[in-house]
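1. coords please:
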Amino acid sequence: MSDLDREALESASDLKIVARYGVGYNNVDLEAARQLGIIVSNTPGANAVAVAELTIALILDLLRPILPAVQGTRAGGWPRKKGFSLVGKTVGILGCGAIGKEVIKRLTGFGCTILAYDLFEDREFAGEYEIQYLSLEEILPRADIITLHLPDTPETRGIVDGEFISKMK
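-> So this is what the prediction gives:
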């Protein structure tokens, strides 16, 4: 069900346009909007940097359990948490649109090997950032870390399942 379903769109009788911040339209009933004469637009790339920064933060938190260490310290302890370095890791980027590319730009500073999967390969970008485009089947067993930046489509929905995880390193 869409956040902006037919009922919601019909209840806004003066609505002329729905402008989504970010990419995708998956939370808007596009057919209902079309029938009601409502224009639907989005802003691809508008939040790509913010999402990329959050992705890097989450990767670092997984490698070095920052939140549990903070919580332990606040509770009066000085917990010693085992962590792993991002340097030298192989990272698989699934989806190299605006967000995936921003993640790649930030990962280069960590000395990672970057493997990429995208239906539309940007060879110029790959050369500039020393990334290698591979198939999904080639990336999963090789990557230490995998991050997904794929559009929500019928082909990508549910892509991470038991079979996907069983192929991971």
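2. State the distance from Asn26 to Thr156.
-> 11 Å (Cβ to Cβ, to the nearest Å). Placement of C-beta: from N, CA and C, glycine included.
3. Mind listing what's buried along stretch 139-148?
-> Buried residues in stretch 139-148, defined by neighbour count with 16 or more other Cβ atoms under 10 Å: Ile139, Leu140, Ala143, Asp144, Ile145, Ile146, Thr147.
4. before we move on, what about stretch 126-136?
-> Those would be Ala126, Tyr129, Ile131, Tyr133, for stretch 126-136 by 16+ other Cβ under 10 Å.
5. The residues you listed in strands, which ones?
-> Ile131, Tyr133 (DSSP state E).
6. Taking the buried residues of stretch 126-136 together, which two end up most distant?
-> Pairwise distances across the buried residues of stretch 126-136 peak at 11.5 Å for Tyr129 and Tyr133 (criterion: Cβ to Cβ).
7. I'd like the average pLDDT over the lengthiest helix in the chain.
-> The longest helix of the chain (DSSP state H) is helix 48-63. Here helix 48-63 scores 95 as its mean pLDDT.
8. now stretch 144-152
-> Mean per-residue pLDDT for stretch 144-152: 93.
9. Repeat that for stretch 6-13.
-> 91.
10. Using CSV, list the CA coordinates for that stretch.
-> Taking Å, rounded to 0.1, in the frame of the first residue of the first chain, the C-alpha atoms of stretch 6-13 are listed here in CSV:
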residue,chain,number,x,y,z
ARG,A,6,-5.9,7.0,-3.9
GLU,A,7,-7.9,7.9,-0.8
ALA,A,8,-5.2,10.3,0.4
LEU,A,9,-4.8,11.9,-3.1
GLU,A,10,-8.6,12.2,-3.5
SER,A,11,-8.9,13.9,0.0
ALA,A,12,-6.7,16.7,-1.2
SER,A,13,-9.0,18.2,-3.7
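11. Nearest residue to the most centrally placed residue in the chain in space, ignoring adjacent ones along the chain?
-> For the chain, the residue nearest the mean C-alpha position is His149 (3.1 Å; Cα atoms, centre = their mean). Residue nearest to His149 in three dimensions, not counting chain neighbours: Gly95, with 3.6 Å by Cβ to Cβ, 6 or more residues apart in numbering.
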